[in-house]
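Student: Quick one: sequence plus predicted model below, questions after.
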Amino acid sequence: MTQTGKSDGGSAGPAVLLTVLLVILVAATVYVFAARLYPAPSPISSAAVLIDRQYNRTLYVAGAVFVLAQLGLAFAIFRFRDRGRPARFTRGSVAAEITWTSLTFLTFLCLGILGRKAWAEVRYAPPAPDAIQVEVTTTQFVYTFRYPGADGKFGRLDPSLINAPAGNPLGLDLNDRTGNDDIVAPDLTVPVSRPVALLLRSQDVVHNFFVRELRLQQDSVPGMMIPVNFTANRTGRYEIVCTQLCGLGHSKMHSFLNVVSEVEYEAFLKKWSASQ
Amino acid sequence: MVGQPVRATHAPAGSSKGFIRSYIFSTDHKVVGLQYFSLALAAVTFGIILSLLMRFHLVWPNAHLPFVGGGIMTPEQYLALVTMHGTIMVFFVLSTAPQSAFGNYFLPIQIGAPDMAFPTLNMLSFWLTLAAFLCMIAAFVVPGGAPISGWTAYPPLSGLGEVTGPGEGLGQTLWIVSISIFCFASLLGALNFIATTIDMRAPGMTLMRMPLTVWAWFVTSILSLLAFSVLLAGGILLLLDRSAGTSFFLPAGLVVNGDLQGHNGGSPLLWQHLFWFFGHPEVYIAILPGMGVVSHILANFSRKPVFGYRAMALALCAIGFLGFLVWGHHMFVSGMNPYSGLAFSVLTMSIGVPSAIKTFNWLGTLWGGKIQFHSPMLFAIGFVSFFVTGGLSGIFLAQPAVDTMLHATYYVVAHFHIVMGVAAVFGIFAATYYWFPKMFGRRMDERLGKLHFWLTFAGVYCVFMPMHFLGIEGGIRRYADSTGAGYLAALQPLHGFMTITAFITAAAQLIFFYNFFHSLKRGERATANPWNATTLEWITSSPPPPDNFGGHFPSVHRGPYEYSVPGEKEDFLPQNLGPEGGGATISREIPQRVYVTGMALLLGGVLMFFMALVSAYFVRKGFSSDWQPLAVPRVLWLGTLILLASSVTLARSRHCLLARQEEEFRHWWGATAILGVFFLAAEAIAWRQLAAGGVSLDGNPSGSFFYVFTAAHALHLLGGIVALLVVALRPTTRLTRRTATEVVSLYWHCMNALWVFLFMLLLAGA
Ligand code: HEM
Ligand SMILES: [Cu+2]
Ligand SMILES: [Cu+2]
């Protein structure tokens, strides 16, 4: 009694169909990526370019493994379907195990090492000394951006003074002189190709600051001041969105990053400082 | 005589014990397994309906929906669906079906045991899990509705009550309570599984002869024991923040909706660390049993031994171990130190190695086989395909730089659905089709099973592959409004495609339900071993008798996957096939040492729980500026001495018992209980003194921790006192008095040691 059950388990039909499905899966996936049907938007900073490079490297490696593994699976299924011949008995092979374990290990190691640079660029590098300081405050469900003004210093904040309807969403302490020239705006406007040092803080729950063209995503956490730096090198208007679930208005929480020329930037500062 | 079925020698369970004891409050592991299975089936149906509502809303946001109060779905209703869908699927489906349902049913049989080590505890675990489920569902009908903070429940959103949004009141409280009950039930279940595997194996069933399913359930149980106790600790702290006004996770100066909240100095990231320390092992709790099942089935239907059995078992252990070191990969952009991000990244990549071993060995098992495409085999092959696909997207997310662009997008949703959701569900389907004949004595319809597979396999890829593309373009998850950001409008066609295929895929599941229920009644009768398989569940009748083997317990003579061994007549050799041909049969009883093992495991869980609290203490103390030292009341020194004395009296008592001095034994035993009560009294005095001195639970964190530590320990000690009394007053039956005293002593001494540790910690913080 070497043969199992009814013939439906061993027929060629399922083997062919499954093989076809796997081949379609591989072909369709490769096509979407190779034809760049859904590309990420083009990057606007050198850090974003580094991240893209690492992403692409990973895509090649993962893509190759994906194709080989799925096609290997398809091949095995098709080739070794039950055709009445007995199975080839083996319990395994230590040599094979060692080979593929070390190959995987080396691949991951290389990817990891190559990827460090992009991470370091975004996260470790201290801000340039001439970086433009902007403080980002998140609240359910708005962003508020504060520039230190001419004195280069942020004024004191006091949570008990927060009163958005009365025009003080940040709780600026008006007795503190350094705060008198602070500029508060609903959008983030920065000059092109100048380093920007953001300081993220949150008033209520955890929010996030995400600009996909910068490939930059960072949570803003109440009780913490989180620095992130970037230099945008192409002018334009880019969407800032909150990616951290923050309440019922989560999907309405967004703002804009305006990357403008130096001249426009000066005009922006003048306009907003006059209005406050 | 190979593999000849052992006939059930006992009458069906129903006849002697009555319906209630046999099917409802049954302690039979098979009944408990089926109860878990039914619960998971109900939960998955519910969860799928919730997801279809979400998918519908994303494409037709303005349509009137019959289930939704008010007709058009509001954002908070959408987020409630996201939260409840995720929670139900992760906890009540993926942590329940593969492990608690199939593990319960088959682990004892596969190791040749008559039942779990602790049958009553097993029943209790199920009923607690059911209670947790009802508690979770209740969140839908309370004022404010279900919580909206996702299955990750990050504070402050989840920690402040209604101010942060609808559903964050009673709904969120019920969520936390439900999860805490679930954690507790899972701890008890895990302890039972581990003790069973360690102490109840048939003669000859060495570790390296255990089926890979048993290995997988075993490793998963260890993960459950360690991970759920941490979540339990986190859940309790979160509950205190919400309802007792403490500030473990809530910082100072929070202003919600214009209102200043009165918390101080807590750390939202602390919750994230505790949550993900549980959360990452949790994804392995969901997937490891599936890996075991798939290895098992691939070998059976390739008619070959598992390729590299030893490597497969070791890889399971390695994944389980590494799983505890990688939680930070969920927090690359959370504000965590970037250097820790790098460390977590390296550790995460290293988990790819054992995962790759598993995949290669599955291919190796198929290679050169004689592959038979029964429905369980198709689902097992599907699992491999999904595991590869989902694992590879993980390599992107494991690199912090790349994760900065993909985090919290649909890319992540695609990743975890494919690798954890779909793969695990395919594991469940494979197990169901495979073991259905054993569980119910009938076979499922093969043609419907295959149809179900084709539609589901193709459908699921259609639903979840496009989510990658959506994510790469910046499509954000947990978004009630799929065009919420301007650039998202262009991606709406993708959403449409996914919604339509999701409905088709969901409809295909009706085939499964029909096949399942129809076959229960009408299916073709199954023989004992319909798949010509080798492991012990197939040497007994279908379904197995109440004691699993009808009094003929097997002993084991060979490994689990002896298929197509050259020179043998049959292409499968059952594990109980001895040198003389047949399997030896001897009677089995539950050995006394399971109680000691069980207690040691319980202590492991308790210790993990306290370690979670202690690490919270260090984080909270180290990273905040509001910490004020607390003067520990003097009376606790006295309490500590009393407790140390109680260890001495207990040791004395045990000594007398062993020397057969019954009278002395009773005296010393009673003295121990009384000293325990004195300790609690000292503690009560300490609390009163502190309270009088103005130290309150919701005041400075040093006080909060003082109360939490002492109360948690007091509760455990109270349990110890009850155990002492039970042993003293009730003649024990299954467990001998000798073992009972040993077990209770072990517990008592450990609680005392724990106290000394906590006390020193509190003193050091003063
Ligand atoms: C018919 C099949 C399914 C569909 C159509 C579906 C769809 C969805 C959708 C639309 C979301 C919300 C995404 C977002 O806005 O962030 C989601 C979230 C989620 N799903 Fe599913 N899902 C399905 C099956 C499953 C299964 C089997 C699991 C089991 C693991 C699962 C686990 C989750 C989890 C954990 C979340 C995240 C919830 C959260 O963010 O708190 N889903 N799913
Ligand atoms: Cu937000
Ligand atoms: Cu993880």
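Tutor: Perfect, I can see it now. Ligands and ions are numbered 1, 2, ... in the order given.

Student: Point out the residues in the stretch 1-150 of chain A that sit beside ligand 1.
Tutor: Residues of the stretch 1-150 of chain A lying close to ligand 1 by CB under 6 Å from any ligand atom: none are found. Just so you know, the C-beta spots here come from the backbone N, C-alpha and C atoms, and that holds for glycine as well.

Student: Can you give me the neighbour number for residue 249?
Tutor: In the absence of a named chain, this looks at chain A. 17 (other CB atoms under 10 Å in any protein chain shown).

Student: could you do chain B instead?
Tutor: 28.

Student: now the one 3 residues further on
Tutor: When neighbours are defined as other CB under 10 Å, residue B:252 has 18 of them.

Student: and it, how far is that from chain A?
Tutor: Separation of residue B:252 from chain A (CB to the nearest CB, to the nearest Å) stands at 7 Å.

Student: hang on, that residue in a helix?
Tutor: No - per DSSP: H, G, I helix; E, B strand; the rest coil, residue B:252 lies outside any helix segment and is coil.

Student: Below-threshold pLDDT in the stretch 51-200 of chain B: ranges please.
Tutor: For the stretch 51-200 of chain B, the stretches flagged by pLDDT under 70 are B:67-70.

Student: what secondary structure does the closest residue to ligand 2 within it sit in?
Tutor: Nearest residue of the stretch 51-200 of chain B to ligand 2, counting by CB to the ion: residue B:157, 9.5 Å away. Recorded secondary structure, residue B:157: coil (three-state DSSP).

Student: How much space separates it from ligand 1?
Tutor: To ligand 1, residue B:157 is 12 Å away according to CB to the nearest ligand atom, to the nearest Å.

Student: could you list every residue that touches that residue?
Tutor: Taking CB atoms under 8 Å, 6 or more residues apart in numbering or on different chains, we find residue B:157 in contact with A:205-206, A:245-247, B:148-149, B:164-165, B:168.

Student: switch the cut-off to 7 Å
Tutor: Taking CB atoms under 7 Å, 6 or more residues apart in numbering or on different chains, we find residue B:157 in contact with A:205-206, A:246-247, B:149, B:164, B:168.

Student: the strands in the chain, which residues?
Tutor: I went with chain A, as the question did not name one. A:132-139, A:142-147, A:183-185, A:188-191, A:195-202, A:207-211, A:216-220, A:226-231, A:236-241, A:254-260 (DSSP state E).

Student: let's do chain B instead
Tutor: B:255-256, B:259-260, B:553-554, B:585-586.

Student: Export the strands of chain A as CSV, with columns for mean neighbour count.
Tutor: As requested, those are exported to CSV (neighbours: other CB atoms under 10 Å in any protein chain shown):
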stretch, mean neighbour count
strand A:132-139, 21
strand A:142-147, 21
strand A:183-185, 20
strand A:188-191, 22
strand A:195-202, 21
strand A:207-211, 27
strand A:216-220, 26
strand A:226-231, 20
strand A:236-241, 18
strand A:254-260, 20
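
Student: In a markdown table, list the ones you listed along with mean pLDDT.
Tutor: Formatted as a markdown table, the strands of chain A follow (pLDDT from 0 to 100):
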| stretch | mean pLDDT |
| --- | --- |
| strand A:132-139 | 95 |
| strand A:142-147 | 95 |
| strand A:183-185 | 91 |
| strand A:188-191 | 96 |
| strand A:195-202 | 95 |
| strand A:207-211 | 97 |
| strand A:216-220 | 95 |
| strand A:226-231 | 94 |
| strand A:236-241 | 96 |
| strand A:254-260 | 95 |
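
Student: Quick one: closest of these to residue B:562.
Tutor: Of all the strands of chain A, strand A:216-220 sits nearest to residue B:562, with 52.1 Å by CB to CB.

Student: Parallel or antiparallel, which strands does that closest one pair with?
Tutor: If you go by DSSP bridges, strand A:216-220 pairs up with strand A:207-211 (antiparallel).

Student: how about the partner strand, does it get close to ligand 2?
Tutor: Yes - counting by CB under 5 Å from the ion, ligand 2 has neighbours in strand A:207-211: residue A:207.

Student: do that strand and ligand 1 meet at all?
Tutor: No - taking CB under 6 Å from any ligand atom as the criterion, strand A:207-211 and ligand 1 are apart, separated by no less than 13.5 Å.

Student: Any chance you could list what contacts that strand?
Tutor: Counting by CB under 7 Å, 6+ apart, A:136, A:138, A:200, A:217-220, A:238, A:240-244, A:246, A:257, B:408 sit against strand A:207-211.

Student: Mind picking the two most distant members of those?
Tutor: The span of these, defined through CB to CB, is set by A:238 and A:246 at 20.5 Å.

Student: And the helices in the stretch 1-150 of chain A?
Tutor: When assigned using DSSP state H, counting those that start in this stretch, the helices of the stretch 1-150 of chain A occupy the ranges A:12-34, A:46-79, A:94-123.

Student: Quickly compare those and say which is most buried.
Tutor: helix A:46-79 (a mean of 18; mean count of other CB atoms under 10 Å in any protein chain shown).

Student: Quick one: list the elements packing against that one.
Tutor: Helix A:46-79 is packed against helix A:12-34, helix A:94-123, helix B:338-366, helix B:375-397, helix B:400-406, with contacts defined by 3 or more CB pairs under 7 Å, 6 or more residues apart in numbering or on different chains; DSSP states H and E.

Student: for the record, mean pLDDT for the shortest one?
Tutor: Just to be clear, that refers to helix B:400-406. If you average the pLDDT over helix B:400-406, you get 93.

Student: other SSEs contacting that helix?
Tutor: helix A:46-79, helix A:94-123, strand A:216-220, helix B:338-366, helix B:375-397.

Student: Just among the contacts of residue B:157, which is most surrounded?
Tutor: In the contacts of residue B:157, the most neighbours by other CB under 10 Å go to residue A:205, 31 neighbours.

Student: gap between that residue and residue B:168?
Tutor: 10 Å (CB to CB, to the nearest Å).

Student: swap in residue B:594?
Tutor: The value you get for residue B:594 to residue B:168, if CB to CB is used, is 44 Å.

Student: Looking at the helices and strands packed on helix A:46-79, spot the one closest to ligand 2.
Tutor: helix B:400-406 (17.4 Å).

Student: Could you see whether ligand 1 lies near that closest one?
Tutor: No - Helix B:400-406 does not reach ligand 1 (CB under 6 Å from any ligand atom); its nearest approach is 13.3 Å.

Student: Please save the CA atoms from that helix in PDB.
Tutor: Taking Å, rounded to 0.1, in the frame of the first residue of the first chain, the C-alpha atoms of helix B:400-406 are listed here in PDB:
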ATOM      1  CA  PRO B 400      16.100  52.200   9.600                       C
ATOM      2  CA  ALA B 401      17.000  54.400   6.600                       C
ATOM      3  CA  VAL B 402      14.500  52.700   4.300                       C
ATOM      4  CA  ASP B 403      12.000  52.400   7.000                       C
ATOM      5  CA  THR B 404      11.900  56.200   7.300                       C
ATOM      6  CA  MET B 405      10.100  56.300   4.100                       C
ATOM      7  CA  LEU B 406       7.900  53.200   4.500                       C
END
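
Student: what about that helix, distance to the chain center?
Tutor: Remark: helix B:400-406 is offset 29 Å from the chain centroid, using CA atoms, centre = their mean, to the nearest Å.

Student: Kindly format the C-alpha coordinates of stretch A:40-50 as CSV.
Tutor: The C-alpha trace of stretch A:40-50 is given here as CSV (Å, rounded to 0.1, in the frame of the first residue of the first chain):
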residue,chain,number,x,y,z
ALA,A,40,8.1,57.0,-5.1
PRO,A,41,8.0,60.7,-5.9
SER,A,42,11.4,62.1,-6.9
PRO,A,43,13.6,62.9,-3.9
ILE,A,44,14.4,66.6,-3.0
SER,A,45,17.4,66.2,-0.7
SER,A,46,20.7,64.4,-0.8
ALA,A,47,19.7,62.3,2.2
ALA,A,48,16.6,61.2,0.3
VAL,A,49,18.8,60.2,-2.6
LEU,A,50,20.9,58.1,-0.3
